[in-house]
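# Here's my sequence, what's the structure:
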Amino acid sequence: MHPAFSVLIFTVTSGAGYGLLAWLGAGQLLGYTQAQTTDQQIVLGVIAMLLVSIGLLSSTMHLANPKNAWRSFSRFRTSWLSREAVFAIVLYPVAALYAAAIFWQWAWINWLAGLSIVLSLVTLFSTSMIYASLKTIRQWNTPMVPALFMAYALSSGGLLFLAVSGLFGAFNTTLLSTVLGLVLITFALKMVYFFWQGKPQGATIQTATGFSQASVRLLDAGHSAPTFLNREFGYQIAADKLLRLRIVMTFVAFVMPLVIFYCVLQGSAVELLSVAWLMMMTGLLIERWLFFAEARHVVRLYHGDQRT
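Reported below is the predicted structural model:
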């Protein structure tokens, strides 16, 4: 699949925003935001919704006609895209009420915190299911995709929560250990996904044509000029480049942040967590590029590929 930069920005930044808002709400319920002032908590919420807004605005750039974006709300019963759009918009007034509850210390602040967490996670899940529900793309049609989307968002959001809290002087060592464990789980899950992705499985040119007892190859693509299918579904990249990008992604998104985690636990300045977050976000952009570039639609079997 062709990696559209606007979609990369959308999924990574909005994911971090939803993850940050979920951590903020959990802090209200579990008590680890008590070390922060009211203004500091509101700043965290504003940062979260700013990241979400940047992501949602970026997603409209992928549309051929952005003024028709409203149509994405019209198929809630059948479309994960519509569900994502509806939940994303509903989150805004809930987040605003939650901010007001923090400022004025309303009695039902915990209910708003819980609702913010639920809407953040449901929106994340809906985004992931846009891809995981596509049976025509083997690399996406797996429960690991929703699990990874949630893990990326909570890891990047948790790390941002720690980084900003550290700048505020409200650092929580116990929470650092929790986020560290989550990053390690995310790292392991991604390695499992890479292993599963590399296994020879899925549709082949034989199963696509029904000639399972004979060797089949394409003699004529049926067109002499590039088509939409070639441009969007026929993205090609050399295997050695993919391997290098995987190594860089692993190093930048996971290894270096984990090293910084260790250094902070050993007494280094908590400001280093801001560097760790920037590195993780850079690595996740590379990961999301790979997510699209390595996806192989079954239609490619009719354009020369031997398997998906």
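# In this structure L273 contacts V264, no?
Yes. When contacts are counted by C-beta atoms under 8 Å, L273 is listed as touching V264 (6.2 Å). C-betas here are computed from N, CA, C, even on glycine.
# Between those two, tell me which one has more neighbours.
Summary of the neighbour comparison: L273 and V264, criterion other C-beta atoms under 10 Å, with L273 having more neighbours (27 against 21).
# burial count for the closest residue to that one other than its chain neighbours?
Ranked by C-beta to C-beta, 6 or more residues apart in numbering and with sequence neighbours excluded, the top spatial neighbour of L273 is A163, at 4.1 Å. Burial of A163, expressed as a neighbour count using other C-beta under 10 Å, amounts to 20.
# And A163, how far from V270?
Here the distance between A163 and V270 works out to 8 Å (C-beta to C-beta, to the nearest Å).
# cool, and Q236?
Using C-beta to C-beta, which is the criterion applied here, Q236 is 44 Å from V270.
# okay, the two: which has more neighbours?
Under the criterion of other C-beta under 10 Å, the comparison of Q236 against V270 puts V270 first, with 17 against 8.
# and whichever strand or helix holds the residue nearest to L273, what does it pack onto?
Mapping A163 onto the secondary structure by DSSP states H and E places it in helix 144-168. Contacts of helix 144-168 with other secondary structure elements, assessed using 3 or more C-beta pairs under 8 Å, 6 or more residues apart in numbering; DSSP states H and E, are made with helix 5-30, helix 38-60, helix 109-132, helix 173-198, helix 272-293.
# angle of the third one against helix 5-30?
Pointing back at helix 109-132 there. Counting by axes from the mean of the first three to the mean of the last three C-alpha atoms, to 10 degrees, helix 109-132 lies at 150 degrees to helix 5-30.
# and what of the fourth one?
On the basis of the same axes, to 10 degrees, helix 173-198 is oriented at 140 degrees to helix 5-30.
# Give the buried residues for helix 173-198.
Within helix 173-198, the residues that qualify as buried are L175, L176, T178, V179, L180, L182, V183, T186, F187, L189, K190, Y193, counting by 16 or more other C-beta atoms under 10 Å.
# most packed of the helices and strands packed on helix 144-168?
Among the helices and strands packed on helix 144-168, ranked by average contacts under mean count of other C-beta atoms under 10 Å, first place goes to helix 5-30 (a mean of 24).
# next one: that one to chain centre, how far?
9 Å (C-alpha atoms, centre = their mean, to the nearest Å).
# tell me what it is packed against?
Judged by 3+ C-beta pairs under 8 Å, 6+ apart, the packing partners of helix 5-30 are helix 38-60, helix 80-104, helix 109-132, helix 144-168, helix 272-293.
# Can I get those in JSON lines including distance to F10?
Shown next, in JSON lines, are these (distance: least, C-beta to C-beta, whole Å):
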{"stretch": "helix 38-60", "distance to F10": "4"}
{"stretch": "helix 80-104", "distance to F10": "10"}
{"stretch": "helix 109-132", "distance to F10": "9"}
{"stretch": "helix 144-168", "distance to F10": "12"}
{"stretch": "helix 272-293", "distance to F10": "9"}
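# still on that earlier bit, now for the helices and strands packed on helix 144-168, which one comes closest to R83?
Closest approach to R83 among the helices and strands packed on helix 144-168 (C-beta to C-beta): helix 109-132, 4.4 Å.
# Averaged pLDDT, the closest one. What do you get?
Looking at helix 109-132 alone, the average pLDDT works out to 97.
# try stretch 278-285
The predicted model gives stretch 278-285 an average pLDDT of 97.
# Repeat that for stretch 181-197.
Taken as a whole, stretch 181-197 has a mean pLDDT of 94.
# List the backbone torsions phi and psi for R138.
Per-residue torsions, R138: phi -60, psi -40 (degrees, to the nearest 10).
# If you could redo that for T204, that was the one I meant.
Per degrees, to the nearest 10, the residue geometry at T204, taken as phi and psi, is phi -130, psi 170.
# confidence score at A22?
The predicted structure scores A22 at 98 on the pLDDT scale.
# okay, which residue is most central for the protein?
The centroid of the chain falls nearest to F149 when counting by C-alpha atoms, centre = their mean (4.3 Å).
# so what's the closest residue to it other than its chain neighbours up against?
Once flanking residues are discounted, F149 sits nearest to S128: 3.6 Å by C-beta to C-beta, 6+ apart. With contact set as C-beta atoms under 8 Å, 6 or more residues apart in numbering, S128 has these partners: V145, P146, L148, F149, M150.
# Could you do S14 as well?
L51, V52, I54, G55, L56, S59, A88, T127 are the contacts of S14 under C-beta under 8 Å, 6+ apart.
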